[in-house]
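Asker: whatever this is, show me its structure:
(one chain, ligands or ions: 2)
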Amino acid sequence: MTETPAHSTLWPAPHASGGIDATVHVPGSKSVTNRALVLAALAAEPGWIRRPLRSRDTLLMAAALRALGVGIEEGVGPDGSGEAWRVIPAGLAGPATVDVGNAGTVMRFLPPVATLADGDIRFDGDPRSYERPLHGVIDALRALGARIDDDGRGALPLTVHGGGALDGGTVEIDASSSSQFVSALLLSGARFNQGVEVRHTGERLPSMPHIRMTVDMLRAVGVQVDEPETGGEPNVWRVTPGALLGRDLVVEPDLSNAQPFLAAALVTGGRVVIPDWPAHTTQPGDALREIFTEMGGSCELTDQGLVFTGSGRIHGIDIDLGEVGELTPGIAAVAALADSPSTLRGVAHLRLHETDRLAALTKEINELGGDVTETADGLHIRPRRLHGGIFHTYDDHRMATAGAVIGLAVEGVEIENVATTAKTLPDFPALWTGMLGA
Ligand SMILES: O=C(O)C1=C[C@@H](OP(=O)(O)O)[C@@H](O)[C@H](O)C1
Ligand SMILES: C=C(OP(=O)(O)O)C(=O)O
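Answerer: Residues are numbered from 1 along each chain as shown. Ligands and ions are numbered 1, 2, ... in the order given. Presented below is the predicted three-dimensional model:
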């Protein structure tokens, strides 16, 4: 739906001549911002979202909710500090069209919201959005009483014929291709007449921290959730029907977007400080403290933020990344520069992310002289001396940032379409050159 731009532009990835020494203020979390928008839109009273991420994915979410009738106004938070969105819920109504772009959070979190609207809500997006799995949401909503028209593939584009309310109840889904199916149903579940009970029946469920994030954020707006980690049945989540409170929420920095900056310290043997790193968080990026320590760095949470220091040595790693799949491209980039081989496992579902990330990483690192092979569920990476060349990004923000990390250590790397980082981090090129003191 959104026009795909020509991708001929090449960005010469800056090469680092020595260890970096920088403080990088990383913008807000995509996953937190988009959950906060949905929850505030479904609340019984207005709320605030402070320091929201403003990127393609979150602006698409805000535009979609506005199209359904929700008020989202620019403002400064109630205490006068920081930029904020004031969200004013309203009776949701169609007809409306939602452009999901290629945002998993928009294409999965909003069809359940649309079932609560009065009228037809049409969902469309980038060509890649047609290929990303959505059957878990579509089939579940139909089982819970919704009317949805799609072209029979269980994917976008589709129309939700909102009836103003949804019965809800118990539903079985296979969420092995995306945790976002579970999150989507839980986020709107308290507004279904009978609430919702989601039973995951498939194989492995990826990205558990993102489901924890959903549960925590629901509880923070007063919703009752029973779930496996607090004594519930394994693979079952239950949301009790009820009103959502309007809250004043401060969005944490996006720790997955902090990844390339931490990787820069690791790869150059330098030091980076990320202010406002949360002491407790459900964001998967928090796992980088441990992962990048194992790969050769060290870190400390101080009053200034997370201080991460590279030792000048980079080690390979053997790790299951199923819980933190979105960190894979950045870890693969570091692994390609390490002093020993790596095995990244548990991430078969990345083949259906922004692009087929396993194929894209293999091809692009190998075209720079690397030795990467795909396995059934991940990558084997045997480090080799790399050379310059074009690093293609396939409209994937994390491919672009992964290429930039390699470019720090390898002269002559050019990133195709670095602007694709706008999906979650529009400031990336400026933050990157700022980090390097350019
Ligand atoms: O719920 C979320 O905010 C996300 C869940 C994960 O999705 P998958 O479970 O589909 O990997 C993650 O990869 C994505 O970047 C964000
Ligand atoms: C997989 C990702 O995004 P999405 O929310 O579109 O699934 C990602 O950001 O790495």
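Asker: contacts only, for residue 192.
Answerer: 144, 165, 166, 167, 168, 169, 241 (Cβ atoms under 8 Å, 6 or more residues apart in numbering). (C-beta placed from N, C-alpha, C; glycine too.)
Asker: quick one: pLDDT of it?
Answerer: With respect to pLDDT, residue 192 scores 98.
Asker: now swap in residue 252 and tell me
Answerer: Residue 252 is assigned a predicted lDDT (pLDDT) of 97.
Asker: quick check: it touching residue 33?
Answerer: No - if you go by Cβ atoms under 8 Å, residue 252 and residue 33 don't touch, sitting 9.7 Å apart.
Asker: more neighbours: the two, which one.
Answerer: Taking other Cβ atoms under 10 Å, residue 252 and residue 33 do not tie; residue 33 has more neighbours (29 against 22).
Asker: got a list of what residue 82 touches?
Answerer: Residue 82 neighbours (Cβ under 8 Å, 6+ apart): 50, 51, 76, 250.
Asker: picking up where we left off before, among the contacts of residue 192, name the buried ones.
Answerer: Neighbour counting over those (16 or more other Cβ atoms under 10 Å) leaves 144, 166, 168 as the buried ones.
Asker: neighbours of the closest residue to ligand 2 within the stretch 1-150 of the chain, just the number please.
Answerer: Using Cβ to the nearest ligand atom, the single residue of the stretch 1-150 of the chain nearest to ligand 2 is residue 104, 2.5 Å away. Using other Cβ under 10 Å, residue 104 is surrounded by 26 other residues.
Asker: how about it: what's its closest non-neighbour residue?
Answerer: residue 180 (5.3 Å; Cβ to Cβ, 6 or more residues apart in numbering).
Asker: that neighbour and ligand 1: what is the separation?
Answerer: Noted for residue 180: a distance of 5 Å to ligand 1, by Cβ to the nearest ligand atom, to the nearest Å.
Asker: now residue 183
Answerer: Distance of residue 183 to ligand 1, computed by Cβ to the nearest ligand atom: 5 Å.
Asker: and residue 373, by the same measure?
Answerer: According to Cβ to the nearest ligand atom, residue 373 stands 22 Å off from ligand 1.
Asker: please identify the helix or strand for that residue.
Answerer: strand 371-374 (DSSP states H and E).
Asker: if we can go back for a sec, just among the contacts of residue 82, which is most surrounded?
Answerer: residue 51 (22 neighbours).
Asker: tell me the pLDDT at that one?
Answerer: Confidence score, pLDDT, at residue 51: 95.
Asker: near ligand 2, which residues of the stretch 1-150 of the chain are found?
Answerer: The interface of the stretch 1-150 of the chain toward ligand 2, taken as Cβ under 6 Å from any ligand atom, is made up of 103, 104, 105.
Asker: wait, doesn't the first one sit right on residue 397?
Answerer: In other words, residue 103. No - taking Cβ under 8 Å as the definition, residue 103 is not a contact partner of residue 397, at 10.9 Å.
Asker: can you list contacts of stretch 29-38?
Answerer: Contacts to stretch 29-38, defined as Cβ under 8 Å, 6+ apart, come from residues 49, 52-53, 55, 57-58, 61-62, 65, 72, 85, 87, 103, 105-106, 109-110, 113, 183, 187-188, 210, 213-214, 217, 249, 251-257, 283, 424.
Asker: for ChimeraX, write a command that selects the buried ones of the residues you listed.
Answerer: A single ChimeraX command selects the buried members of those (16+ other Cβ under 10 Å):
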select :49,52,53,55,57,58,61,62,65,72,85,87,103,105,106,109,110,113,183,187,188,210,213,214,217,249,251,252,253,254,255,256,257,283,424
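Asker: fine by me, thanks again.
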